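Trainee: Just the structure for this:
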Amino acid sequence: MTRTPAEAAGRLAGELAGLARRLQASEAEEGAALFTREDVDRIVSGRLAREQKRTRQRVAELEREVEGLRRLTPGVDRGEEAS
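Mentor: Predicted structure coming up:
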């Protein structure tokens, strides 16, 4: 979904206005929630996605390293252990 800069700015302005309302409510009413469940879900989902991406990249890096070591080890084929 491609947004124009004006659309992106409008969306951001709406989110900031919502946050300002929640901040005011939080200041006026002790214990009022600052973040909605959707906010928390979005934050957690984003963090989880980034962590999964880092994990996949690290696994791929280690697989390349293992493959390189296998190529350097005589008598060891892919997936077989040396005796």
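
Trainee: Check the offset of the strand or helix carrying Glu65 from the chain's centre.
Mentor: Using DSSP states H and E, Glu65 maps to helix 37-72. Mean C-alpha position of helix 37-72 versus that of the full chain (CA atoms, centre = their mean, to the nearest Å) differs by 10 Å.

Trainee: Ok, stretch 11-31 next?
Mentor: On CA atoms, centre = their mean, the centre of stretch 11-31 falls 25 Å from the chain's centre.

Trainee: if I look at the spatially most central residue of the chain, how far off is Ile43?
Mentor: The chain has Arg50 as the residue nearest its centroid, 2.5 Å off, counting by CA atoms, centre = their mean. As judged by CB to CB, to the nearest Å, Arg50 and Ile43 stand 11 Å apart. Where you see a C-beta, it was placed from the backbone N, CA and C, and this is true even at glycine.
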